[in-house]
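Engineer: Got a sequence here, can you build the structure:
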Amino acid sequence: MATTTNYGWTTPNDTDLVKDGAAAIRTLGSSVDTTTKALNPSTTLGDIEYRSATANTNTRLGIGSTGQVLTVASGVPSWATPAGGSGGMTLLQSLTLSGASTTSSTLSGSYKMLRCIFYDVLATDTYNTMGIGLRANGGTGSTYGTVAQDDTGNYGVNTSATYVEIVSIVSNSNTKETSGIIDIPNYANSSSSVKTCTFAFASEGARIGNGNGRIVDGAAITTLTFRHTYPGTFTQGTVDIYGVN
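Structural biologist: All right, here's what the predicted structure looks like:
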């Protein structure tokens with residue numbers, strides 16, 4: 001019997017009798033069906049195929065998960081979670097501020113820097129002021145330091161405190177929301193006893209400021225605590241903690 005050039009499907013010879021036509025068509029149809037399926041093994045929405053080591057046969061790669069990217073592993077395509085290039089951010093936790101303080105759960109140490117973005121923060125106390133302090137690993141010793149300045153020209157230095165003073169707005173209405181950002185590089189380095197942070201904030205009451213903080217802790221930072229620095233409590237606010245590559 002004759003065969004096709006590319007896939008070797010069996011076809012009738014020129015001299016075959018007409019009575020063999022039905023059988024020849026069935027044979028050819030089965031060959032086409034088998035080859036077509038081998039080239040199209042997908043079964044699920046989003047599947048893709050790639051050429052396998054077997055001639056005329058493709059391999060099915062099932063759809064990946066949300067956020068994954070197509071890469072190559074061991075010489076074949078595969079889905080993987082991106083490692084993230086320089087500056088790539090991954091949301092680790094989102095905290096709702098409440099009470100006198102709020103502490104994160106254990107943070108992944110797989111990143112180069114932590115970025116904390118806080119927003120819509122309100123607090124109440126007897127002085128009608130807003131204050132946000134940062135602590136690492138639950139440490140309450142006088143090992144924190146802050147150098148900061150605000151838009152009024154106030155310049156503050158505290159080298160022996162029990163927290164980094166991220167925000168300190170005195171005599172500001174507690175109906176004015178405050179937002180800002182905190183960066184903590186090298187946070188996962190357990191051999192570095194001193195960690196630094198930089199921060200900036202702005203309030204609805206037109207108060208803005210920025211500064212630097214010192215965190216003395218001989219261990220990698222695994223938890224962060226955000227506390228109200230005045231006698232009072234947070235009434236609202238969110239802190240999104242990101243890992244930055």
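Engineer: Quickly find the element holding Ile25.
Structural biologist: Assigned by DSSP states H and E, Ile25 belongs to helix 21-39.
Engineer: What helices and strands are in contact with that helix?
Structural biologist: Judged by 3 or more C-beta pairs under 8 Å, 6 or more residues apart in numbering; DSSP states H and E, the packing partners of helix 21-39 are strand 10-11. Every C-beta, even on glycine, is put in place using the N, C-alpha and C of the backbone.
Engineer: Any idea how far apart the tips of stretch 157-176 sit?
Structural biologist: 25 Å (C-alpha to C-alpha, to the nearest Å).
Engineer: Over it, what's the mean pLDDT, rounded is fine.
Structural biologist: Mean pLDDT, computed over stretch 157-176, is 78.
Engineer: Equivalent analysis for stretch 115-127, please.
Structural biologist: Here the average pLDDT along stretch 115-127 is 86.
Engineer: Strand partners (parallel or antiparallel) of the helix or strand hosting Ile182?
Structural biologist: Taking DSSP H and E as the criterion, Ile182 maps to strand 178-185. In the sheet, strand 178-185 lines up against strand 113-125 (antiparallel), strand 194-203 (antiparallel) (DSSP bridges).
Engineer: With distance to Val147 added, can I get these in JSON lines?
Structural biologist: Listed next are the strands paired with strand 178-185 as JSON lines, based on distance: least, C-beta to C-beta, whole Å:
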{"stretch": "strand 113-125", "distance to Val147": "18"}
{"stretch": "strand 194-203", "distance to Val147": "10"}
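Engineer: what about the residue most central in space within the chain, which helix or strand?
Structural biologist: Nearest to the geometric centre of the chain sits Thr90, at 1.5 Å (C-alpha atoms, centre = their mean). Using DSSP H and E, Thr90 sits within strand 89-96.
Engineer: Which positions in that strand come out as buried?
Structural biologist: When neighbours are counted by 16 or more other C-beta atoms under 10 Å, the buried residues of strand 89-96 are found to be Thr90, Leu92, Gln93, Leu95.
Engineer: From one end of stretch 211-225 to the other, what's the distance?
Structural biologist: 18 Å.
Engineer: For that stretch, buried residues please.
Structural biologist: Along stretch 211-225, these residues count as buried under the neighbour rule (16+ other C-beta under 10 Å): Gly211, Gly213, Arg214, Ile215, Asp217, Ala220, Ile221, Thr222, Leu224, Thr225.
Engineer: taking these one by one, which sit in helices?
Structural biologist: Residues from those lying in helices, with DSSP state H as the criterion: none.
Engineer: Least confident of the residues you listed?
Structural biologist: Comparing the buried residues of stretch 211-225 by pLDDT, Asp217 comes last, at 84.
Engineer: residues contacting that one?
Structural biologist: With contact taken as C-beta atoms under 8 Å, 6 or more residues apart in numbering, Asp217 is in contact with Ala136, Asn137, Gly139, Thr143, Ser193, Lys195.
Engineer: Distance check, Cys116 against Thr90.
Structural biologist: The spacing between Cys116 and Thr90, counted by C-beta to C-beta, to the nearest Å, is 13 Å.
Engineer: what residues are shared contacts of those two?
Structural biologist: Tyr242.
Engineer: so what's Phe199 up against?
Structural biologist: Ala148, Val164, Ile166, Gly180, Ile181, Ile182, Asp183, Asn210, Gly211, Asn212, Gly213.
Engineer: Among those residues, which one sits closest to Ala80?
Structural biologist: Ala80 has its nearest neighbour among those in Asp183, at 27.6 Å by C-beta to C-beta.
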